[in-house]
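J.: mind folding the following:
(one chain, ligands or ions: 1)
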Amino acid sequence: MEEQKITIEVKKLSIGYRNTEVAGNINFKLHSKELCAIIGVNGVGKSTLLRTLGKLQPKLSGHIFIEQQLLEDYSTLDFAKQTSVVLTELIASKNLTVSELITLGRQPYTNWLGSLTSKDKKHITESISNFELESFKEKKCHELSDGQLQRVLIARAMAQDTPLILLDEPTTHLDLYHKVQILKLLQKLAHQYHKTIVFTTHEIDLAIQLCDKILVLDGKENHFGSPCELIEQGCFTNLFPPEMIHFDEKTGSFKVNKSF
Ligand SMILES: Nc1ncnc2c1ncn2[C@@H]1O[C@H](COP(=O)(O)OP(=O)(O)OP(=O)(O)O)[C@@H](O)[C@H]1O
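T.: Next up, the predicted model:
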């Protein structure tokens, strides 16, 4: 099998705020073409981890390597050429049109005048067409539905053309069909465009079906592996109180215990 290169490697990472640790002993390694979900109960530290990987807040200790280089050794500009970060809740620019927002993805490559080269334009046009956004590319972002906006944000990350894409809860507020649509889109980006994609989610059943790897943040072991490996190791069994919700290993899904 063709050996894929390692895009991100995390060793003995501890995350949190000032001196308060939210989660520690986080270890994982991802290659190109891998789609990885970070799962875990409310408040366990998923968003904190994603923000730490995205250089938006400092780690407490440990190591994060992006393309074999320590995260802290990247300048802001060089980091933006390696990693795009998609945070749905924090778009200061909803007054921009879809086209303008996607164009912002090329910022790390444009000169100080912001003028676009033919390569920049090619990436923008490709992103718009790949995500089927032609019909509303002149619409303002605040006029879009949550599902449409999520597609635009992922298209912007694609235009940024980085090996690593990080997304915080990209399927929140979406119905089942649109959750699947977004996750399939991320899977296509990883597999066909050789990206490494990491996202936080509460959609564990979907992550088990669609992801190549999963990191289970539980505040203790923080297991990492393929969905099959994690099921075999019983990592989902005690994620929730088993008397209320149990994990069915045969179907790879959670069931509510009706007698509870
Ligand atoms: N700015 C902050 N300062 C201090 N503590 C914070 C801050 N933001 C979050 N926390 C705390 O860090 C912990 C982890 O929060 P985080 O948002 O990372 O969890 P999460 O797993 O993403 O949760 P959820 O599933 O509810 O989104 C929580 O205890 C939270 O209260």
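J.: just give me the residue right at the centre of the chain.
T.: Nearest to the mean C-alpha position of the chain, by Cα atoms, centre = their mean, lies residue 199 at 2.5 Å.
J.: does that one really touch residue 38, like I thought?
T.: Yes: counting by Cβ atoms under 8 Å, residue 199 does reach residue 38; the two are 7.1 Å apart. No exception for glycine: its C-beta is placed from N, CA and C like everyone else's.
J.: residue 169 reaches residue 183, doesn't it?
T.: No: if you go by Cβ under 8 Å, residue 169 and residue 183 don't touch, sitting 12.0 Å apart.
J.: what about these two, which has more around it?
T.: Between residue 169 and residue 183, counted using other Cβ atoms under 10 Å, the more crowded position is residue 183 (24 against 20).
J.: tell me the contacts of the spatially closest residue to residue 159 that is not a sequence neighbour?
T.: Closest residue to residue 159 apart from its sequence neighbours, by Cβ to Cβ, 6 or more residues apart in numbering: residue 105 at 3.4 Å. When contacts are counted by Cβ atoms under 8 Å, 6 or more residues apart in numbering, residue 105 touches 84, 123, 124, 127, 155, 156, 157, 158, 159, 160, 161.
J.: so what's the residue count around the nearest residue to residue 59 once chain neighbours are set aside?
T.: With Cβ to Cβ, 6+ apart as the criterion, residue 59 has its nearest non-adjacent residue at 5.2 Å, and that residue is residue 52. Using other Cβ under 10 Å, the number of residues around residue 52 comes to 25.
J.: same check on the one 4 residues further on?
T.: If you count neighbours by other Cβ under 10 Å, residue 56 ends up with 15.
J.: ramachandran angles for it?
T.: Backbone torsions for residue 56, taken as degrees, to the nearest 10, come to phi -90, psi -10.
J.: residue 192 should be in a helix, yeah?
T.: Yes: applying DSSP: H, G, I helix; E, B strand; the rest coil, one finds residue 192 inside a helix.
J.: what's the burial count for it?
T.: 10.
J.: and the pLDDT at it?
T.: Model confidence at residue 192, given as pLDDT, is 94.
J.: ranges for the strands of the stretch 1-150 of the chain?
T.: 6-17, 20-31, 35-39, 61-66, 69-70, 83-87 (DSSP state E, counting those that start in this stretch).
J.: and these, which is most packed in?
T.: Mean neighbour count, computed with mean count of other Cβ atoms under 10 Å, is highest for strand 35-39 among those, reaching a mean of 25.
J.: by contact count, what packs against it?
T.: When contacts are defined as 3 or more Cβ pairs under 8 Å, 6 or more residues apart in numbering; DSSP states H and E, strand 35-39 packs onto helix 46-53, helix 176-193, strand 196-200, helix 204-210, strand 213-216.
J.: what's the closest of the ones you listed to the ligand?
T.: Closest of those to the ligand is helix 46-53, at 3.4 Å (criterion: Cβ to the nearest ligand atom).
J.: got the angle between the closest one and strand 196-200?
T.: Helix 46-53 and strand 196-200 are oriented at 140 degrees to each other (axes from the mean of the first three to the mean of the last three Cα atoms, to 10 degrees).
J.: neighbouring contacts of helix 46-53?
T.: Identification of contacts with helix 46-53 by Cβ under 8 Å, 6+ apart yields 8, 10, 13, 15-17, 22-23, 26, 38-40, 57-59, 64, 71, 83, 85, 166-169, 198-200, 217.
J.: would that helix count as contacting the ligand?
T.: Yes: using Cβ under 6 Å from any ligand atom, helix 46-53 comes into contact with the ligand via 46, 47, 48.
J.: what sits closest to residue 247 if chain neighbours are left out?
T.: Closest residue to residue 247 apart from its sequence neighbours, by Cβ to Cβ, 6+ apart: residue 236 at 4.3 Å.
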